[in-house]
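Q: just coords:
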């Protein structure tokens, strides 16, 4: 039922898009049909595929590094309190700073290539992972830790069986937020450093008023975003199955 | 293996206070528990009975005095298992995994057999794969009990295990628990049971240790001689039961009325 309503809503959106494209003077906006045709051309000429793989490469590298580093740092901050209390104010400060402000500095240090792009994505994606993992570890149920201690469990066992599973819902939310920011920063990086990938295509088609091609790129980015976040949501549901029972 | 004098637990001159606090939570506690004996620690809030349990479990180290469990200083998980107030099941583990949690040192096959045996004992074999969130309070309590019994501890420590249950379930669980402990294989464990319910103490105890608050110390130790098993011979109609009950209530009331930190201070 909901799936049907959603399909209906999507059809409505396409209809609105079509109406808009008829109203706006030609050349400023592309109709759904023109966009479809442009997509076909771009795929046939492999313009889209090459850009997509370039973008996905930096996006995946930056986001995965951010997830690994964010989990490690967030967990260390939560487990070792003096470390966490010393650092957390700085992490919050950095998270509140618009990290695009660092782009000129990153370009100065790393140039315009893969490393610079990956770092821009990393810096965007890592913050929510750190902060959510940190919060999750701090929220560890002390009663459960004491229960585990009473069975003679080692620190390692307490971490793997109590702290980590309790942190998991927080951590996955952090990764989901990080992946979204990572995608935004992918486009930002491609627009501000060496113009490549999907971001590069946006700049190219935007400046040439090739709106049909431009829309194809936007839709591709939106598709990546939806695929990644829905995939993570699915993983979240599977990994926290035990919570489902609470609603029964 | 027990202490040289045949006791399972012995405490001598045990005191404990929070870091830097001048008012001790426990002061000069002397107590012994024999193998297989059920000792109920009874007292009002603030008498340090839960702290006492943690010290016997080896989770807290006494500031002064000595603690011996089975002849040596207590090590968590070695000779004792705890049944906590509020169950403390791991929500992300199934019933079977929760029961097996403390048995990780056993080889897999043996662990699975042990878990299956205790699931049967508490009548939850059908729920082996269920998560705790799907269980009722009484069922969670039985899982928590099975988890503790599955370690086959020499000493079972119970911290107000029925406090979260309603009055009816509570009474049924008291009897059920005693029946289950008696039905488990191996020699019956010694039990230290903490409660603030007089009736619960009278139903379960071989000896009642009455504690007074601030500082927590032993007020008196009373033997309870009703025949066992008490789920068959209900002692509640015996005149001795009423006498003991009255006596305990009088002492508890006196403690609470003279404790400046209690809600009922000076209201006698």
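A: On my side now, so go ahead. Everything quoted here is computed from the prediction, not taken from an experiment.

Q: The closest residue to chain A within the stretch 151-268 of chain B: neighbour count?
A: Closest contact between the stretch 151-268 of chain B and chain A, by Cβ to the nearest Cβ, is at residue B:151 (7.3 Å). (C-beta placed from N, C-alpha, C; glycine too.) For residue B:151, the count of nearby residues is 24 (other Cβ atoms under 10 Å in any protein chain shown).

Q: can I assume residue A:102 sits in a strand?
A: No - applying DSSP: H, G, I helix; E, B strand; the rest coil, one finds residue A:102 to be helix, outside a strand.

Q: Same question for stretch B:153-166: list its buried residues.
A: Buried residues in stretch B:153-166, counted by 16 or more other Cβ atoms under 10 Å in any protein chain shown: B:153, B:154, B:155, B:156, B:157, B:158, B:159, B:160, B:161, B:162, B:165.

Q: Ends of stretch B:96-107, what's the gap?
A: Distance between the two ends of stretch B:96-107: 15 Å, counting by Cα to Cα, to the nearest Å.

Q: Please point out which parts of stretch B:33-51 sit buried.
A: B:33-35, B:37-44, B:46-51.

Q: one step back: and the buried residues of stretch B:153-166, which of them are in strands?
A: B:155, B:156, B:157, B:158, B:159 (DSSP state E).

Q: In space, what's closest to the residue in chain B positioned nearest to chain A - neighbours in sequence excluded?
A: Per Cβ to the nearest Cβ, residue B:77 is where chain B lies closest to chain A, at 2.3 Å. Take residue B:77 and drop its neighbours on the chain: the residue closest to it by Cβ to Cβ, 6 or more residues apart in numbering or on different chains is residue A:152, 2.3 Å away.

Q: Was I right to think the one you found contacts residue B:102?
A: Yes - using Cβ atoms under 8 Å, residue A:152 is in contact with residue B:102, at 7.4 Å.

Q: so what's in contact with those two at the same time?
A: Residues touching both residue A:152 and residue B:102 (Cβ atoms under 8 Å, 6 or more residues apart in numbering or on different chains): residue B:77.

Q: more crowded one of those two?
A: residue B:102 (21 against 18).

Q: Can you name the residues that contact that one?
A: Per Cβ under 8 Å, 6+ apart, neighbours of residue B:102: A:151, A:152, A:153, B:77, B:81, B:147, B:150, B:151.

Q: Where does it sit: helix, strand or coil?
A: Secondary structure for residue B:102, judged by three-state DSSP, is helix.

Q: Look up how far residue B:90 lies from it.
A: Residue B:102 sits 11 Å away from residue B:90, going by Cβ to Cβ, to the nearest Å.

Q: shared neighbours, these two?
A: Contacts common to residue B:102 and residue B:90, judged by Cβ under 8 Å, 6+ apart, are absent.

Q: For the stretch 101-250 of chain B, list the residues in contact with chain A, please.
A: Proximity of the stretch 101-250 of chain B to chain A (Cβ under 8 Å from any Cβ of the partner chain) is limited to residues B:101, B:102, B:104, B:130, B:131, B:132, B:133, B:134, B:151.

Q: rerun that using 10 Å as the cut-off
A: The stretch 101-250 of chain B has residues B:101-105, B:130-135, B:144, B:147-148, B:151, B:157 near chain A, with proximity defined as Cβ under 10 Å from any Cβ of the partner chain.

Q: Tell me where the stretch 1-150 of chain B has helices.
A: Secondary structure of the stretch 1-150 of chain B (DSSP state H, counting those that start in this stretch): helices at B:49-57, B:95-100, B:108-121, B:137-150.
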